[in-house]
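Chemist: Everything below, folded, please.
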Amino acid sequence: MQRTTKIVATLGPASSDSATLNKLVAAGIDVVRLNFSHGTADDHRQRMDSLRLSMSAQSRTVGVMADLQGPKIRIGKFAGSKVLLKSAQSFTLAAHCDLGDANRVGLDYPELVDDVVAGDVLLLDDGRMVMDVASVADGEIHCTVRHGGELSNNKGINKQGGGLSAPALTAKDKEDIRTAAALKVDYVAVSFPKSGSDMREARALLLEAGSKALVIAKIERVEAIHNLEEIVDASDGVMVARGDLAVEVGDAAVPALQKRIIRMAREHNRFVITATQMMESMIHSPVPTRAEVSDVANAVLDGTDAVMLSAETAAGEYPVETVEAMARICLEAEKSAAVSLEKQFLDRVFTRIDQSIAMAALFAASHLHVKAIAALTESGSTALWMSRLNVGVPIYALTQDVRTRYKVSIFKGVYPVMMRQSGHDRDELLREAEEQLIRAGAVEPGDLIVLTIGEPIGTPGGTNTLKIVKVGDTHTAN
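Modeler: So this is what the prediction gives:
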């Protein structure tokens, strides 16, 4: 049984040397994440160069995601790097303050003073510290500390319930989009989008920079929940970014929201990633906690396309062991995933020929117990549609387009296979498809496979033909 859920691993100081990267690729990572909140363009370029060498050496396909920083609202710095705040004490967030102390600290986003009023609740350092806003005047936010503790330089700030006016795309993000385009990444994740227009702006900037990378909306604001459907529609994929989302909506609300976001993404034919603290303890431990095992397994059972590792692989002590553990958990959870295709077809309407062919291929594969589904695809759309329903049969995206080969690497249950440039002869393409699947060990002579192809060949979105084939047989089954 092959693992169908994909693994996204963040590259960082702990995982960027060639030896570790080789081990991560061998352990089964499907996508790497370049976190543009840290590092320079040269850092990201060097990591991509090392990744390409590892992929080539191991004949693996690994997609690349650029994750934009977004408007991360932070405090400034302290004279002594950190302070200890006590519950019930007063503390001021000042728009203009060079170095802070135990009574006040500056803001790297001065506009915060215009976004809050007395009675609001601010959460600092991912919610570890809570402050009640007492008053706002003269560029200063006067607070009372509800939950104290150690507060250090540049910690993030969230407003409980959302409502911050910061735009989703900062000047840095726009420059990073140009960098991502130059690096030829496959996906760009947009942090803190509030509406579909944020995603459309990111896509337009990518196209302007010469990139057709898929855009991913990170759902981490209250406003994003209110506008979820329009954000999903404007994106190619979504990420359940549970860290900031939990701070804004409350941690107890996140599990149900995770299920809702995954379900909506799949219903709208978008891919979805579940992220944040999935294997957090493995930053310092060679084994996960039982709670983390359950968390990853539940995301798999919810239907997520991918599960993501952040600090675990970027800065942790056991990056390779973490990926290996996550792969084992995914595989075990997938064994119990229900296959109920008839129920999944209920209330679905297919208005496009290529989408109807994709659904027909799934239905045929389910009832004939075929060994594999082979989608000869230019854009990858047919493979994406097939992957939205769980039929229990591996889907191979056979493509002549290098970009599509990497793009489909994040789709659940889809495995990219590169075709030779065989021209536009259908029979030649079908023969090569069989040969490639045999070479990959996916099928052997005598197995039944379902093939989908578009005619005329080479037209994106043109899938209009379904064939049921016995491998090694020149005749097509009826």
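Chemist: can you pull out the strands in the stretch 301-450 of the chain?
Modeler: Along the stretch 301-450 of the chain, the stretches classed as strands by DSSP state E, counting those that start in this stretch are 306-309, 372-376, 395-399, 414-418, 448-454.
Chemist: ok, now the stretch 101-250 of the chain?
Modeler: Using DSSP E, counting those that start in this stretch, the strands of the stretch 101-250 of the chain run over 104-106, 121-124, 129-137, 140-147, 149-152, 157-159, 187-190, 214-219, 237-241.
Chemist: Format the ones you listed as JSON lines; extra columns: mean neighbour count and mean pLDDT.
Modeler: Where you see a C-beta, it was placed from the backbone N, CA and C, and this is true even at glycine. Formatted as JSON lines, the strands of the stretch 101-250 of the chain follow (neighbours: other CB atoms under 10 Å; pLDDT from 0 to 100):
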{"stretch": "strand 104-106", "mean neighbour count": "21", "mean pLDDT": "96"}
{"stretch": "strand 121-124", "mean neighbour count": "20", "mean pLDDT": "95"}
{"stretch": "strand 129-137", "mean neighbour count": "17", "mean pLDDT": "97"}
{"stretch": "strand 140-147", "mean neighbour count": "18", "mean pLDDT": "97"}
{"stretch": "strand 149-152", "mean neighbour count": "16", "mean pLDDT": "95"}
{"stretch": "strand 157-159", "mean neighbour count": "23", "mean pLDDT": "92"}
{"stretch": "strand 187-190", "mean neighbour count": "27", "mean pLDDT": "98"}
{"stretch": "strand 214-219", "mean neighbour count": "27", "mean pLDDT": "98"}
{"stretch": "strand 237-241", "mean neighbour count": "27", "mean pLDDT": "98"}
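Chemist: I'd like those laid out as JSON lines, including distance to residue 281.
Modeler: Converted to JSON lines, the strands of the stretch 101-250 of the chain look like this (distance: least, CB to CB, whole Å):
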{"stretch": "strand 104-106", "distance to residue 281": "31"}
{"stretch": "strand 121-124", "distance to residue 281": "23"}
{"stretch": "strand 129-137", "distance to residue 281": "22"}
{"stretch": "strand 140-147", "distance to residue 281": "23"}
{"stretch": "strand 149-152", "distance to residue 281": "21"}
{"stretch": "strand 157-159", "distance to residue 281": "24"}
{"stretch": "strand 187-190", "distance to residue 281": "24"}
{"stretch": "strand 214-219", "distance to residue 281": "23"}
{"stretch": "strand 237-241", "distance to residue 281": "20"}
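Chemist: center of the chain, which residue is that?
Modeler: residue 273 (3.9 Å; CA atoms, centre = their mean).
Chemist: doesn't residue 310 make contact with it?
Modeler: No: using CB atoms under 8 Å, residue 273 is not in contact with residue 310, being 11.4 Å away.
Chemist: circling back: would a markdown table of the strands of the stretch 301-450 of the chain with mean pLDDT and distance to residue 248 be doable?
Modeler: Output for those, formatted as a markdown table (pLDDT from 0 to 100; distance: least, CB to CB, whole Å):
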| stretch | mean pLDDT | distance to residue 248 |
| --- | --- | --- |
| strand 306-309 | 98 | 19 |
| strand 372-376 | 94 | 39 |
| strand 395-399 | 94 | 36 |
| strand 414-418 | 94 | 33 |
| strand 448-454 | 91 | 42 |
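Chemist: Mind checking those for the one nearest to residue 288?
Modeler: Of all the strands of the stretch 301-450 of the chain, it is strand 306-309 that lies closest to residue 288, at 11.2 Å by CB to CB.
Chemist: got a list of contacts for that closest one?
Modeler: Contacts of strand 306-309 with the rest of the structure, by CB atoms under 8 Å, 6 or more residues apart in numbering, involve 5-10, 30-31, 33, 239, 271-276, 278-279, 296, 299-300, 319, 322-323, 326, 330, 410, 412.
Chemist: Give me the buried positions along the helix or strand where residue 21 lies.
Modeler: Taking DSSP states H and E as the criterion, residue 21 maps to helix 18-27. Residues 20, 21, 22, 23, 24, 25, 27 are the ones in helix 18-27 that count as buried (16 or more other CB atoms under 10 Å).
Chemist: model confidence over it, on average?
Modeler: For helix 18-27, mean pLDDT rounds to 97.
Chemist: who does it touch, helix- and strand-wise?
Modeler: The contact analysis (3 or more CB pairs under 8 Å, 6 or more residues apart in numbering; DSSP states H and E) places helix 18-27 against helix 41-58, helix 319-335.
Chemist: Just the CA atoms of the last one, as PDB, please.
Modeler: Going back to what we said before, that points to helix 319-335. Taking C-alpha atoms only, helix 319-335 is exported to PDB below (Å, rounded to 0.1, in the frame of the first residue of the first chain):
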ATOM      1  CA  PRO A 319      14.100  16.100  11.200                       C
ATOM      2  CA  VAL A 320      14.500  12.800   9.400                       C
ATOM      3  CA  GLU A 321      12.900  10.700  12.200                       C
ATOM      4  CA  THR A 322      10.000  13.200  12.300                       C
ATOM      5  CA  VAL A 323       9.300  12.600   8.600                       C
ATOM      6  CA  GLU A 324       9.600   8.800   9.000                       C
ATOM      7  CA  ALA A 325       7.200   8.900  12.000                       C
ATOM      8  CA  MET A 326       4.700  11.100  10.200                       C
ATOM      9  CA  ALA A 327       4.800   8.700   7.100                       C
ATOM     10  CA  ARG A 328       4.100   5.700   9.300                       C
ATOM     11  CA  ILE A 329       1.100   7.400  11.000                       C
ATOM     12  CA  CYS A 330      -0.400   8.500   7.700                       C
ATOM     13  CA  LEU A 331      -0.100   5.100   6.200                       C
ATOM     14  CA  GLU A 332      -1.700   3.400   9.200                       C
ATOM     15  CA  ALA A 333      -4.600   5.900   9.300                       C
ATOM     16  CA  GLU A 334      -5.200   5.500   5.600                       C
ATOM     17  CA  LYS A 335      -5.800   1.800   6.100                       C
END
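Chemist: Point out the other helices and strands that that helix packs with.
Modeler: Looks like helix 319-335 contacts strand 6-11, helix 18-27, helix 290-302, strand 306-309, helix 311-314 (3+ CB pairs under 8 Å, 6+ apart).
Chemist: all helices for the stretch 351-478 of the chain, in order.
Modeler: Ranges of helices within the stretch 351-478 of the chain are 353-368, 381-387, 402-407, 426-439, based on DSSP state H, counting those that start in this stretch.
Chemist: Check these for me and report the most buried one.
Modeler: Among the helices of the stretch 351-478 of the chain, helix 381-387 has the highest mean neighbour count (mean count of other CB atoms under 10 Å), at a mean of 26.
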